[in-house]
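Undergrad: Just to be clear, the model below is a prediction. Sequence and coordinates:
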Amino acid sequence: MTVQDKVPVTSCQESSGPRRDVPPPTVPLGRTRRNLGALAVLTGGAGLTDAPLWTVVVLTLTCLAIPVAVGLHGGPALVRTLLLGAAPARHRPDGLRQRKETPA
């Protein structure tokens, strides 16, 4: 018996289950979208109320950091979903689903 026979196989390539291209979000995307909106409102309010410059800069950088962090976690598709929302499900009217063959 060799050493390789005694070592258990724990390769991730042999794991059962579907492979996911996009990892599941650690924080729900709805909560992230809500936080981004709240920070955007606070940034706009700070800019309009003559808040100190450092406050406006920190809030702006935080607003910009959220999509960057989401992009690093899930790629451009997740950033698109964060900023634009989920795409609606496409469906066709019932009349277009079935193609009726006419006898020749």
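TA: Alright, I've got the coordinates.

Undergrad: So which helix or strand of this structure has the lowest pLDDT on average?
TA: helix 3-6 (a mean of 52; mean pLDDT, DSSP states H and E).

Undergrad: C-terminal to that one, what's the next element?
TA: Per DSSP states H and E, the first helix or strand lying C-terminal to helix 3-6 is helix 29-48.

Undergrad: Show me what that following helix packs onto, helices and strands only.
TA: On a contact count with 3 or more Cβ pairs under 8 Å, 6 or more residues apart in numbering; DSSP states H and E, helix 29-48 meets helix 53-74, helix 76-84. C-beta: built from backbone N, CA, C; applies to glycine.

Undergrad: Output the first one as CSV, restricted to C-alpha atoms.
TA: Right, the one you point to is helix 53-74. Extracted in CSV, the C-alpha atoms of helix 53-74 (Å, rounded to 0.1, in the frame of the first residue of the first chain):
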residue,chain,number,x,y,z
LEU,A,53,-16.5,68.6,3.4
TRP,A,54,-15.0,65.5,5.0
THR,A,55,-18.5,64.2,5.8
VAL,A,56,-19.6,64.5,2.2
VAL,A,57,-16.4,62.9,0.9
VAL,A,58,-16.8,59.9,3.3
LEU,A,59,-20.4,59.4,2.4
THR,A,60,-19.6,59.6,-1.3
LEU,A,61,-16.8,57.1,-1.1
THR,A,62,-19.0,54.8,0.9
CYS,A,63,-21.7,55.0,-1.8
LEU,A,64,-19.1,54.2,-4.4
ALA,A,65,-17.5,51.3,-2.4
ILE,A,66,-20.8,49.4,-2.1
PRO,A,67,-21.1,48.5,-5.8
VAL,A,68,-17.4,47.8,-6.0
ALA,A,69,-17.7,45.3,-3.1
VAL,A,70,-20.7,43.7,-4.7
GLY,A,71,-18.8,43.5,-8.0
LEU,A,72,-15.8,41.8,-6.4
HIS,A,73,-18.1,39.3,-4.7
GLY,A,74,-20.4,38.4,-7.6
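
Undergrad: what residues does that helix touch?
TA: Helix 53-74 is touched from outside by 22-23, 25-26, 29, 32, 35-36, 39-40, 42-43, 46-47, 78-79, 82-83, with contacts defined as Cβ atoms under 8 Å, 6 or more residues apart in numbering.
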